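Asks: Any chance you could fold what I've pasted below:
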Amino acid sequence: MYAVALAPDAELRPLDPWQAEEFLAHIDRAREGIDPFIPFAARNTDLESARATLQGYADRQAQDTGRIYGIWLDGTLVGGVMFVRFDAAAGNCEIGVWSEPAGQGRGLVTAAVRRLLAYAFEERGMYRAEWWSSTRNERSRAVAQRLGMTLDGTLRQYYPHNGVRHDKEIWSMLASEWPDAPRS
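Replies: Predicted coordinates for the structure are as follows:
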């Protein structure tokens, strides 16, 4: 997947290691909003760690096990989506997202996830797409609901982050449900 328009002023495109400086600046702007829910922000605090994160996803892309994409609004990186896990043999994937305030409230994350779901189901023949989210992250839950995903269940006190054990909701969509997914 290459650059894809999400709105007249926004696009989704691959996020690569050479973009580490731009990625780090974006994570610095997003950190306060995403750090309460996911350790992603805490792992990207300097140019070396940002480059390592993007290189890790580039390596996963080469192995067909994951991929990371950025969301640009008016030429500025404001968020992203990724295949956290991508298991073509089993037909399962997990999608994750994040955004800074400038990228919120415009439907860009939902549109970007819809593109990843289309790729997973229509191009790659995946069977199941998952969405894991902290129960405290209402924005994330809203995206899963807008896409027509089903709440499979909650893993109570599943992971520790910032000194708190978080419950994780697991949402999913099956390939057979994809054509009937609500469109906005």
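Asks: Tell me which residues touch His26, please.
Replies: Contacts here follow Cβ atoms under 8 Å, 6 or more residues apart in numbering; on that basis His26 touches 70, 76-79, 100. Just so you know, the C-beta spots here come from the backbone N, C-alpha and C atoms, and that holds for glycine as well.
Asks: quick one: pLDDT of it?
Replies: The per-residue pLDDT reported for His26 equals 96.
Asks: Report the separation between it and Phe40.
Replies: In this structure, His26 and Phe40 are separated by 12 Å, where distance is defined by Cβ to Cβ, to the nearest Å.
Asks: what do you get for Glu32?
Replies: As defined by Cβ to Cβ, Glu32 lies at a distance of 13 Å from Phe40.
Asks: Against which helices or strands is the helix or strand where Ser172 lies packed?
Replies: Remark: Ser172 resides in strand 164-174, with elements defined by DSSP states H and E. Counting contacts by 3 or more Cβ pairs under 8 Å, 6 or more residues apart in numbering; DSSP states H and E, the secondary-structure elements packed against strand 164-174 are strand 128-134, helix 138-146, strand 150-161.
Asks: right, so of these, which gets closest to Thr45?
Replies: For Thr45, the closest of the helices and strands packed on strand 164-174 is strand 150-161, at 15.4 Å, according to Cβ to Cβ.
Asks: What strand or helix carries the closest residue to Ala102 other than its chain neighbours?
Replies: When the adjacent residues along the chain are set aside, Ala102 lies closest to Val78, with 4.8 Å between them (Cβ to Cβ, 6 or more residues apart in numbering). Assigned by DSSP H and E, Val78 falls within strand 76-87.
Asks: ditto for Arg114
Replies: Arg114 is part of helix 108-118 when elements are defined by DSSP H and E.
Asks: any idea of the angle that helix forms with strand 164-174?
Replies: Helix 108-118 and strand 164-174 are oriented at 50 degrees to each other (axes from the mean of the first three to the mean of the last three Cα atoms, to 10 degrees).
Asks: Just the C-alphas of helix 108-118, formatted as CSV.
Replies: These are the backbone C-alpha positions of helix 108-118, laid out as CSV (Å, rounded to 0.1, in the frame of the first residue of the first chain):
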residue,chain,number,x,y,z
LEU,A,108,-8.8,10.1,9.9
VAL,A,109,-8.0,7.2,12.2
THR,A,110,-11.2,5.4,11.3
ALA,A,111,-10.6,6.0,7.6
ALA,A,112,-7.0,4.7,7.9
VAL,A,113,-8.1,1.5,9.8
ARG,A,114,-10.8,0.9,7.1
ARG,A,115,-8.0,1.0,4.5
LEU,A,116,-6.0,-1.6,6.5
LEU,A,117,-9.0,-3.8,6.9
ALA,A,118,-9.7,-3.6,3.1
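Asks: List the buried residues for that helix?
Replies: Along helix 108-118, the positions that meet the burial threshold by neighbour count (16 or more other Cβ atoms under 10 Å) are 108-117.
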